[in-house]
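Q: show me the folded form of this:
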Amino acid sequence: MEDNSPIMNLEEIARYLKIGKSTRYKMLRESKIPAVKTESGRNIFTEKKVIASILQFGYEQR
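A: Numbering: from 1, shown residues only. So this is what the prediction gives:
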């Protein structure tokens, strides 16, 4: 994805939040990251503004 794109894939989300693979999947599973899967289920996307909001207001890890 381009840096100026309003949409991020799962790899970009992880880099942006500076989190590892298991944490990003945990956040998805717990609906901490609202995301959309493609029909194949292989690609997951979310809006950059949603991720920016997580950074601004925080993510509570359990």
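Q: now do the strands in the protein.
A: All strands of the chain, identified by DSSP state E, fall at 7-9, 36-37, 44-47.
Q: mind putting these into TSV with mean neighbour count and mean pLDDT?
A: For glycine as for every other residue, the C-beta is placed from the backbone atoms N, C-alpha and C. Below are these laid out as TSV (neighbours: other CB atoms under 10 Å; pLDDT from 0 to 100):
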stretch	mean neighbour count	mean pLDDT
strand 7-9	16	90
strand 36-37	11	85
strand 44-47	17	88
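Q: tell me which of those strands lies nearest to residue 28.
A: Taking CB to CB, strand 44-47 is the member of the strands of the chain nearest to residue 28, at 6.9 Å.
Q: how about the strands of the chain in TSV, adding distance to residue 19?
A: Formatted as TSV, the strands of the chain follow (distance: least, CB to CB, whole Å):
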stretch	distance to residue 19
strand 7-9	13
strand 36-37	19
strand 44-47	14
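Q: quick check: which of those strands is nearest to residue 54?
A: strand 44-47 (9.7 Å).
Q: pull up the pairing partners for the closest one, direction included.
A: Using DSSP bridges, strand 44-47 pairs in its sheet with strand 7-9 (antiparallel), strand 36-37 (antiparallel).
Q: count of neighbours near residue 52?
A: Look at residue 52: counted by other CB atoms under 10 Å, it has 11 neighbours.
Q: what of residue 24?
A: There are 20 residues near residue 24, going by other CB under 10 Å.
Q: touching, it and residue 35? I think so.
A: No. Applying CB atoms under 8 Å, one finds residue 24 not in contact with residue 35, separated by 9.8 Å.
Q: any residues in contact with both of these two?
A: Jointly contacting residue 24 and residue 35 under the rule CB atoms under 8 Å, 6 or more residues apart in numbering are residue 10.
Q: CSV please, covering the strands paired with strand 44-47 and showing distance to residue 43.
A: Compiled in CSV, the strands paired with strand 44-47 are given as follows (distance: least, CB to CB, whole Å):
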stretch, distance to residue 43
strand 7-9, 6
strand 36-37, 7
